[in-house]
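Participant: Sequence first, then the predicted structure:
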Amino acid sequence: MPATKIQPVDIQEIAGVVPDAVVRNFAQVLGIEQDDGMDIDDAPKSPKTDYKSIQNQVKFLMREGYSATQIISQVNAFFFFE
């Protein structure tokens, strides 16, 4: 049986890294938009930033078993240190 090639996504999953799409979607639900050079405080809020949308997204993240610490760390890295 031939060996299965290891893909970067496999290593990320083993390391507990949350997929970029999941992190970006969570940030968008929170009203954090990535924009070139725009200060986060001045960014217009997404219409999806209501409590129910945030609650639903958090429930999804919990059901998927993502680490809250990892998500916060990745949101911070994506949107505040890029």
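Facilitator: All right, it came through fine. Residues are numbered from 1 along each chain as shown.

Participant: Can you report how many residues lie near residue 12?
Facilitator: Residue 12 has 13 neighbours, counted by other CB atoms under 10 Å. Just so you know, the C-beta spots here come from the backbone N, C-alpha and C atoms, and that holds for glycine as well.

Participant: Same question for residue 71.
Facilitator: 17.

Participant: For the most centrally placed residue in the chain, what is the enclosing helix or strand?
Facilitator: Taking CA atoms, centre = their mean, the centroid of the chain lies closest to residue 23, which sits 0.7 Å from it. Assessed by DSSP states H and E, residue 23 sits inside helix 20-30.

Participant: Tell me which residues of that helix come out buried.
Facilitator: Neighbour counts using 16 or more other CB atoms under 10 Å place 22, 23, 24, 26, 27, 28, 29, 30 of helix 20-30 among the buried residues.

Participant: Do me a favour and average the pLDDT over that helix.
Facilitator: Throughout helix 20-30, pLDDT has a mean value of 91.

Participant: List of residues touching that helix?
Facilitator: Helix 20-30 is contacted by residues 33-34, 46, 48-49, 53-54, 57, 61, 64, 66, 71, 74-75, 78-79 when judged by CB atoms under 8 Å, 6 or more residues apart in numbering.

Participant: ok so, going back, want to try TSV for the buried residues of helix 20-30, with distance to residue 3 as columns?
Facilitator: As requested, these are exported to TSV (distance: CB to CB, whole Å):
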residue	distance to residue 3
22	29
23	31
24	33
26	35
27	37
28	39
29	40
30	41
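
Participant: what comes up buried for the host helix or strand of residue 72?
Facilitator: Using DSSP H and E, residue 72 sits within helix 68-80. The neighbour-count check on helix 68-80 (16+ other CB under 10 Å) flags 71, 74, 75, 79 as buried.

Participant: Same list (the residues you listed) but as TSV, adding distance to residue 7 and pLDDT.
Facilitator: Shown next, in TSV, are the buried residues of helix 68-80 (distance: CB to CB, whole Å; pLDDT from 0 to 100):
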residue	distance to residue 7	pLDDT
71	22	94
74	19	92
75	24	91
79	26	77
